[in-house]
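# Take this sequence and fold it.
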Amino acid sequence: MTDTDDHTETPAATARRVLRSVPMAALATLARDRQGWPYASLVACAVGHDATPVLLLSELSDHTRNLHADGRASLLFDNTYGVDERMAGERLTLMGRLAPVADDARPALRARYLARHPGAGRYEGFGDFAYWAMRVEQAHLIGGFARAFWLAGDDVVGAPAASAALAEAEAGIVEHMNTDHGDAVDVYANHLAGRGGRGWRLTGVDRDGIDLRRGGETARITFDTPVDDPVAAREALIALVTRARAVAAERGDEAAC
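Prediction:
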């Protein structure tokens, strides 16, 4: 599966796909100096292995000051870009509480964030920046025309322990694929994500799929079924190559076969 709409997905699976695919979100907080009015801003977002949303926020920004006063917030992920009728496209709203990331969780979430937003490395070490994570309590998914669902937070964000082994192995898998199987990564991008060019890099692998980057362009490809350990991830990556080459053969692209 790619990052396109698929009505065979469960609503929870669609919600996770949108969450993992869209790198920017609208953040709504309660304005502490404006009598509690909702205040919306644009933020870059990444997700942990369990799909926990993580943000890198400046203490100088209004939304961070609002969160210190009241951690309740919403994140809107818009997956309608390129859809002819955008109001019939996918979007996901998460409702929950944002709080600074605990010290023990910070290294893993920081790595995931910088893999998704490498440019943040220029300033994330400044003293006024900190990582925040959302404890998702509810989610509202618009999955297309006449497809609206309320979901519990636990339906979208899983238990961290479920993918702990894969999280530990992620860096090694990414390095191995980019060093030894760069041709396969290009095949993923070209024939499963519909992106052109060579030189694509794998930047992340989690239980739901893989993240790719080429310069400033990104792509997300979802596994057929979730994986929870390195062995299952390897099998899923091989299956993606097989499927991508089948797609290439159907298109008559002999170079990718």
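# Contact partners for Arg91?
Arg91 makes contacts with 18, 76-80, 141-142, as judged by Cβ atoms under 8 Å, 6 or more residues apart in numbering. Glycine gets a C-beta too; all of them are placed from N, C-alpha and C.
# Assign a three-state SS to it, would you?
In terms of secondary structure, Arg91 is strand; the call rests on DSSP: H, G, I helix; E, B strand; the rest coil.
# Distance-wise, check it relative to Leu98.
Remark: distance between Arg91 and Leu98 (Cβ to Cβ, to the nearest Å) = 19 Å.
# again with Leu76
Looking at Leu76 against Leu98, where the rule is Cβ to Cβ, the gap reads 14 Å.
# Among these two, which residue is more densely surrounded?
Leu98 (25 against 16; other Cβ atoms under 10 Å).
# Now do the SS call for that one.
The assignment at Leu98 comes out as strand when based on three-state DSSP.
# Distance-wise, check it relative to Arg195.
With Cβ to Cβ as the criterion, Leu98 and Arg195 are 32 Å apart.
# ditto for Asp154
Separation of Asp154 from Arg195 (Cβ to Cβ): 33 Å.
# Show me which of these two is the more surrounded one.
More crowded of Asp154 and Arg195, by other Cβ under 10 Å: Arg195, with 17 against 12.
# what's the pLDDT at the more buried one?
With respect to pLDDT, Arg195 has a value of 94.
# Give me the three-state assignment for it.
When classified by three-state DSSP, Arg195 comes out as coil.
# surely it meets Gly215?
No: taking Cβ atoms under 8 Å as the definition, Arg195 is not a contact partner of Gly215, at 11.1 Å.
# What ranges does the chain have for its strands?
24-30, 38-47, 53-58, 72-79, 90-100, 129-142, 148-152, 201-206, 209-214, 217-222 (DSSP state E).
# is it possible to export those strands to a markdown table including mean pLDDT and distance to Val185?
Conversion of these to a markdown table gives the following (pLDDT from 0 to 100; distance: least, Cβ to Cβ, whole Å):
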| stretch | mean pLDDT | distance to Val185 |
| --- | --- | --- |
| strand 24-30 | 98 | 24 |
| strand 38-47 | 97 | 20 |
| strand 53-58 | 98 | 24 |
| strand 72-79 | 97 | 23 |
| strand 90-100 | 97 | 25 |
| strand 129-142 | 97 | 28 |
| strand 148-152 | 96 | 32 |
| strand 201-206 | 96 | 5 |
| strand 209-214 | 96 | 7 |
| strand 217-222 | 94 | 10 |
